[in-house]
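[1] Could you look at this predicted model? Sequence included:
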Amino acid sequence: MAGVTNRALGVAAALFYIFLWASAYVPSKIGVLGSSPLWFLVVRFAVSGLIALAFARAVGARLPRTRRDWVALVALGILANAVYLGFTYEALRHLASGVGAIVASTNPLTLALVAPWLLREPLTPGKIIGMLLGFGGVVAIMVARTGTGAAEPADVALAFAGVIGSVASTIVFKKWCGDLDLRIVVPIQLLASGVVLLPLAIVLEGAPHAQLTWQFVASFWYVALVMSFGASALWFWLLNHGEASRVSAYYFLTPVFGLALAALLLHEPVGIRDIGGLVAIALGIALVQRG
């Protein structure tokens, strides 16, 4: 009974994380268009990192004690935030959201290919079929709803470089950070990201600027508190409680939440191809979890 309960809790947590992850596209786009993207990330990581550090120290979390732990956490932050979000934000200047979602959905496929060698996670036939089904469902939904959209090769390459950074960060966490206190993992990797991006922001963007509309301010606090602080902690918790390839398969649900929000808030119709894509994604995730 406890196993069933724990499995249900894990699924619920994964679904909630993907919902949060999908919900970040709009505020991230507002942040990119309303400010200097790299400066936006620097301030975001600094603010969320300091808040997370204050929380960690208040609840008694201890700082890492070894050089190896510090290096692993800095590498985690650089890959998960500076590389992943840095490249993604640059790509979002021009890349169509539908194309961006498709590129982002290669994350589980990429991780599944390297997990057998780097994480000793078996790549079974069920997992392979599930991954392909899930990705096919994503492509079907995005093509049906957005067409090809703007997809310059350079922007697609930037977005995929971000995916590589995200996959690499997952491997770093599973191999070297899984035993560390999550309460201190979150702030250190965030602050490390801000420090790394700061000189790049100065050189590439000069003085920071922003259009301080209420939409921009609300978007900033949403991504700083809900995403960088809350969602990051939830993602690391998920990785601690399951195989990376199984957990990452839930990324295929990102366009599903986008589809549901569009239907609920914008009254956009749901077509046959959308339903087919949803079925393919659901079957794909089920196969990966059983794999």
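    Everything's here; your move.

[2] So what does residue 159 have for phi and psi?
    phi -60, psi -40 (degrees, to the nearest 10).

[3] I'd assumed residue 106 was in contact with it.
    No: counting by CB atoms under 8 Å, residue 159 sits too far from residue 106 to count as a contact (9.3 Å). Glycine gets a C-beta too; all of them are placed from N, C-alpha and C.

[4] Okay, now the unreliable bits of the stretch 101-250 of the chain?
    144-151 (pLDDT under 70).

[5] And the helices in it?
    Under the criterion DSSP state H, counting those that start in this stretch, the stretch 101-250 of the chain contains helices at 107-118, 125-146, 153-172, 182-205, 214-221, 232-240, 244-248.

[6] and residue 276, which of the ones you listed is closest to it?
    Nearest to residue 276, of all those, is helix 125-146, at 6.0 Å by CB to CB.

[7] and residue 62, that's in a strand?
    No: membership of residue 62 in a strand is not supported by DSSP: H, G, I helix; E, B strand; the rest coil, which gives coil.

[8] Does it touch residue 184 like I think?
    Yes: with contact defined as CB under 8 Å, residue 62 reaches residue 184; the gap is 6.8 Å.

[9] Those two: which has the busier surroundings?
    Each of residue 62 and residue 184 had its neighbours counted (other CB atoms under 10 Å), and the higher figure belongs to residue 184 (20 against 11).

[10] so that one touches residue 64, yeah?
    Yes: the criterion here is CB under 8 Å, and residue 184 meets it with residue 64 at 6.9 Å.

[11] How about residues contacting stretch 44-59?
    31, 81, 181, 183-184, 186-188, 190-191, 193-194, 197, 220, 223-225, 228-229, 233 (CB atoms under 8 Å, 6 or more residues apart in numbering).

[12] List the residues that contact the residue nearest to residue 242 when sequence neighbours are not counted.
    Among residues not flanking residue 242 along the chain, residue 10 sits closest, at 6.1 Å (CB to CB, 6 or more residues apart in numbering). When contacts are counted by CB under 8 Å, 6+ apart, residue 10 is found next to 238, 241-242.

[13] SS state for residue 10?
    helix.

[14] With residue 236 as the reference, measure out to it.
    Computed as CB to CB, to the nearest Å, the residue 10 to residue 236 distance reads 14 Å.

[15] what angle do the one helix or strand residue 70 maps to and helix 232-240 make?
    Assigned by DSSP states H and E, residue 70 belongs to helix 67-77. Using axes from the mean of the first three to the mean of the last three CA atoms, to 10 degrees, one finds that helix 67-77 and helix 232-240 are set 110 degrees apart in direction.

[16] tilt between helix 67-77 and helix 182-205?
    Per the same axes, to 10 degrees, the angle that helix 67-77 makes with helix 182-205 is 60 degrees.

[17] Show me what helix 67-77 is packed up against.
    helix 153-172, helix 182-205 (3 or more CB pairs under 8 Å, 6 or more residues apart in numbering; DSSP states H and E).

[18] any chance of those in a markdown table, plus distance to residue 277?
    Converted to a markdown table, the helices and strands packed on helix 67-77 look like this (distance: least, CB to CB, whole Å):
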| stretch | distance to residue 277 |
| --- | --- |
| helix 153-172 | 20 |
| helix 182-205 | 33 |
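
[19] Of all those, which one is nearest residue 19?
    Using CB to CB, the helices and strands packed on helix 67-77 put helix 153-172 closest to residue 19, at 17.8 Å.

[20] Residue 269 belongs to a strand?
    No: using three-state DSSP, the assignment for residue 269 is coil, not a strand.

[21] That one: neighbour count?
    Residue 269 has 8 nearby residues by other CB under 10 Å.

[22] Repeat that for the one 3 residues further on.
    Here the number of neighbours of residue 272 (other CB under 10 Å) works out to 8.

[23] re earlier: from residue 285, how far out is the residue nearest to residue 242?
    13 Å.

[24] Only whichever of the contacts of residue 10 are buried, select them in ChimeraX.
    A single ChimeraX command is used to select the members of the contacts of residue 10 judged buried by 16 or more other CB atoms under 10 Å:
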select :238,242
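
[25] Pick the one among the contacts of residue 10 closest to residue 112.
    residue 242 (13.8 Å).

[26] Let me see the backbone angles for the closest one.
    phi -170, psi 170.

[27] Roughly how far does the residue nearest to residue 242 sit from residue 199?
    From residue 10 to residue 199 the distance is 39 Å (CB to CB).
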